[in-house]
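Participant: Got a sequence here, can you model it:
(chains A and B)
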2 protein chains.
Amino acid sequence: MLAATAYQRGMTGTLNDAATRTAEDLVHRMRAGERNAMARVATELERLSPSVPALLAAMQPHLGHALVVGITGPPGSGKSTLLNALIAHIRGIGRSIAVIAVDPSSPVSGGAILGDRIRMTAALDDDGVFVRSLASRGYLGGLSPAAVRMLDAFDAAGKDLILVETVGTGQSEIDIVDVTDVRIIVSAPGLGDDIQAMKAGLLEIADILVVNKADLDGADRTLHQLRSALSLRAHGRDAVPVLKTSAVNAEGMGNLWSAIETCGAERLAEGIAPRRRRRARYLIARAAADLVAQRIRDGAGDTLNNLADDVLAGRLLPADAAKAILAKN
Amino acid sequence: MLAATAYQRGMTGTLNDAATRTAEDLVHRMRAGERNAMARVATELERLSPSVPALLAAMQPHLGHALVVGITGPPGSGKSTLLNALIAHIRGIGRSIAVIAVDPSSPVSGGAILGDRIRMTAALDDDGVFVRSLASRGYLGGLSPAAVRMLDAFDAAGKDLILVETVGTGQSEIDIVDVTDVRIIVSAPGLGDDIQAMKAGLLEIADILVVNKADLDGADRTLHQLRSALSLRAHGRDAVPVLKTSAVNAEGMGNLWSAIETCGAERLAEGIAPRRRRRARYLIARAAADLVAQRIRDGAGDTLNNLADDVLAGRLLPADAAKAILAKN
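Facilitator: Residues are numbered from 1 along each chain as shown, chains lettered A, B, ... in the order given. Next comes the predicted model:
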């Protein structure tokens, strides 16, 4: 209800002058590096406060600088340690970073950067890394609209890089395709079947593959497996770099950053407008999917029951039943 | 392609006599407890082989006995250990069990039952527990059609109980509502924000709440938090039992099993037909959601672009944009 009100106020057309001035002031202070301004903007966006349209308008002229990098990988891949090591490297060369942590099981939990989730949510730090944890805000699966709005805030604040850490199982891999510019998929030796799972889904969306824990036995085998799997892809995926890192020893970060920059330059050249529209289309697509699914799950009627019975008897694929239902509506 | 062919053969109407006899023979042997028959049926269903319609027809008369229990919970809740302890208890009172493991990060990994995923996939054991891991079959997020078909196979085989272990983050919580009869949500002391996340989503779907690791400090506090959260629910959720267990010490399993039986008796009384239809509707809903989302993500055109721009400016909620798009089609 609050959210609807906020948006409706925004929809009245012209923004209130005072609201505009407040928003411009906040964005100005955020761009000057004021941490409390950054935190305030993030909170307003997250809560969909009435100031959101004014804030987005004030941010608009400053969008397009930040590269959005998604990092995902199965549990056990050392993704959080890698994230920590990568951040240290990038900070070392003077770039500014924001992190959006969407993985509830692995909240940049290495401890080097942040102790716990409470402190993460406080979202302030000492050296140019702004972290926002959006894992536990009740949006099960995938990237929330709040996370997507947050990208604009961090971009407008002048961050060079926005890292989005997702859980590596479930919907979020698919989500990061539309929302991020560069996708890093992390693996490690000895994960076994996870490589199989990656073949099925994650490899398709990877821009950079990392074999972390390269100090362990079997790293070269994993590297080889991933390269073989990539070479089976038809659509030019063999250009995807496969890199070894040992995040606990901070090894391989230079190469990884080079790969990110190379891929990122290409994506940034596309411009901000199509990239933002892709993010918005993702949010709309996801909302539409939820609506359609809910209608069918709640639905009754002979058509749906007959289709359900055909699926249960193995006479019809769920996807074909879905096409039939969608064609009816 | 293979899958489509299989279903198309099934759709030709009358099933081939030989196929029917083979299927009935397999189901008969599966019901007699022949493990290789069970494994063969599971594989055929998973691969959508051409024999699927005949198999489902042969299983049909034997459906409705098994109770399907979903177990989910955040990482760190000791869900796998609990699953192991619960299985040991249930086996101890002579009931037969099948397990469908959908959680790629926690594949019944306590080691007591199964060593690793490879052995899990082999799916054979010594004492009436049949385990099928469907975590790594390339279906990112949620329960696959194969997992849902597997429920029929285990039911037809005469299992008393089918346990479905899901990852506890992402889509799968929602999925288990439609697919399982009884939902157990596992928590533990010290998970902090995860309780908040449960409030947002998991509590809504719980039939039984478990505070595992009850030997740890803070268990009573977690119990109290969960009960408070439940009492805020309007729709009679305060009838949901909240139980303490200490799975590593095999404590609390008797109470947990009683709660499962009480809740399960009610659900089984509903009969198999509406429960199976709900599963099928879930599969159709999910397929439809994927189709709709893909269309919008790939879509272009002024309407979609304008809606995307309104979402980006904070003038429109994604859900309202989704309604507008769906109304157009």
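
Participant: Can you name the next helix or strand after the lowest-mean-pLDDT helix or strand in chain A?
Facilitator: Of all helical and strand segments in chain A, the minimum by mean pLDDT, DSSP states H and E falls on helix A:117-122, at a mean of 34. Next along the chain after helix A:117-122, taking DSSP states H and E as the criterion, comes strand A:129-133.

Participant: What sits closest to residue A:283 if chain neighbours are left out?
Facilitator: residue B:318 (3.9 Å; Cβ to Cβ, 6 or more residues apart in numbering or on different chains). To be clear about C-beta, it is placed using only N, CA and C from the backbone, and glycine gets the same treatment.

Participant: Then residue A:19?
Facilitator: residue A:54 (4.4 Å).

Participant: Quick one: low-confidence residue ranges for the stretch 51-200 of chain A.
Facilitator: A:75, A:102-128, A:133-142, A:167-175, A:192-200 (pLDDT under 70).

Participant: thinking again about what came up before, return the residues in contact with the residue nearest to residue A:283.
Facilitator: Residue B:318 makes contacts with A:145, A:280, A:283, A:284, A:286, A:287, B:311, as judged by Cβ atoms under 8 Å, 6 or more residues apart in numbering or on different chains.

Participant: what about the last one, neighbour count?
Facilitator: Other residues near residue B:311 number 28, with proximity taken as other Cβ atoms under 10 Å in any protein chain shown.

Participant: any idea how far residue B:69 is from it?
Facilitator: 40 Å (Cβ to Cβ, to the nearest Å).

Participant: Kindly report the same for the third one.
Facilitator: Using Cβ to Cβ, one obtains 35 Å as the distance from residue A:283 to residue B:69.

Participant: Pick out whichever of these two has more residues nearby.
Facilitator: The residue with more neighbours, out of residue A:283 and residue B:69, is residue A:283; 28 against 25, by other Cβ under 10 Å.

Participant: Assess the claim that the residue nearest to residue A:19 and residue A:22 are in contact.
Facilitator: Yes - Residue A:54 lies in contact with residue A:22 (Cβ atoms under 8 Å); the separation is 7.2 Å.

Participant: When the two are compared, which one has more neighbours?
Facilitator: For residue A:54 versus residue A:22, neighbours defined as other Cβ under 10 Å are more numerous around residue A:54 (26 against 15).

Participant: Look up phi and psi at the more buried one.
Facilitator: Per-residue torsions, residue A:54: phi -60, psi -40 (degrees, to the nearest 10).

Participant: got it, and residue A:68?
Facilitator: The phi/psi pair for residue A:68 (degrees, to the nearest 10) is phi -100, psi 120.

Participant: What mean pLDDT does the one helix or strand residue A:283 maps to get?
Facilitator: Applying DSSP H and E as the criterion places residue A:283 in helix A:272-298. Across helix A:272-298, the average pLDDT comes to 90.

Participant: In that helix, which residues are buried?
Facilitator: Within helix A:272-298, the residues that count as buried by 16 or more other Cβ atoms under 10 Å in any protein chain shown are A:275-293, A:295-297.

Participant: Let me know how buried residue A:316 is, in neighbour terms.
Facilitator: 24.

Participant: I'd guess it is in a helix, am I close?
Facilitator: No - the assignment for residue A:316, made by DSSP: H, G, I helix; E, B strand; the rest coil, is coil rather than a helix.

Participant: tell me the phi and psi of it?
Facilitator: The phi/psi pair for residue A:316 (degrees, to the nearest 10) is phi -150, psi 140.

Participant: Could you pull out the helices in the stretch 101-250 of chain A for me?
Facilitator: Using DSSP state H, counting those that start in this stretch, the helices of the stretch 101-250 of chain A run over residues A:117-122, A:145-156, A:172-179, A:193-197, A:203-205, A:219-231.

Participant: how about the last one as CSV, C-alpha atoms only?
Facilitator: I take that to be helix A:219-231. Taking C-alpha atoms only, helix A:219-231 is exported to CSV below (Å, rounded to 0.1, in the frame of the first residue of the first chain):
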residue,chain,number,x,y,z
ALA,A,219,42.2,-27.6,-10.6
ASP,A,220,43.6,-28.3,-14.1
ARG,A,221,41.1,-31.1,-14.6
THR,A,222,38.3,-28.7,-13.7
LEU,A,223,39.7,-26.1,-16.0
HIS,A,224,39.9,-28.7,-18.8
GLN,A,225,36.3,-29.9,-18.2
LEU,A,226,35.0,-26.3,-18.4
ARG,A,227,36.9,-25.6,-21.6
SER,A,228,35.6,-28.8,-23.1
ALA,A,229,32.1,-27.9,-22.1
LEU,A,230,32.5,-24.5,-23.6
SER,A,231,33.8,-25.8,-26.8
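
Participant: in it, what counts as buried?
Facilitator: A:219, A:222, A:223, A:225, A:226, A:229, A:230.

Participant: from the middle of its chain, how far away would that helix be?
Facilitator: 25 Å (Cα atoms, centre = their mean, to the nearest Å).

Participant: again, but for the second one
Facilitator: Centroid displacement of helix A:145-156 relative to its chain, using Cα atoms, centre = their mean, is 11 Å.

Participant: between that helix and strand A:129-133, how many degrees?
Facilitator: Inter-element angle recorded for helix A:145-156 and strand A:129-133: 170 degrees (by axes from the mean of the first three to the mean of the last three Cα atoms, to 10 degrees).

Participant: name the helices or strands packed onto helix A:145-156?
Facilitator: For helix A:145-156, the packing partners by 3 or more Cβ pairs under 8 Å, 6 or more residues apart in numbering or on different chains; DSSP states H and E come out as helix A:17-31, helix A:35-47, helix A:52-59, strand A:97-101, strand A:161-165, helix A:172-179, helix A:272-298.
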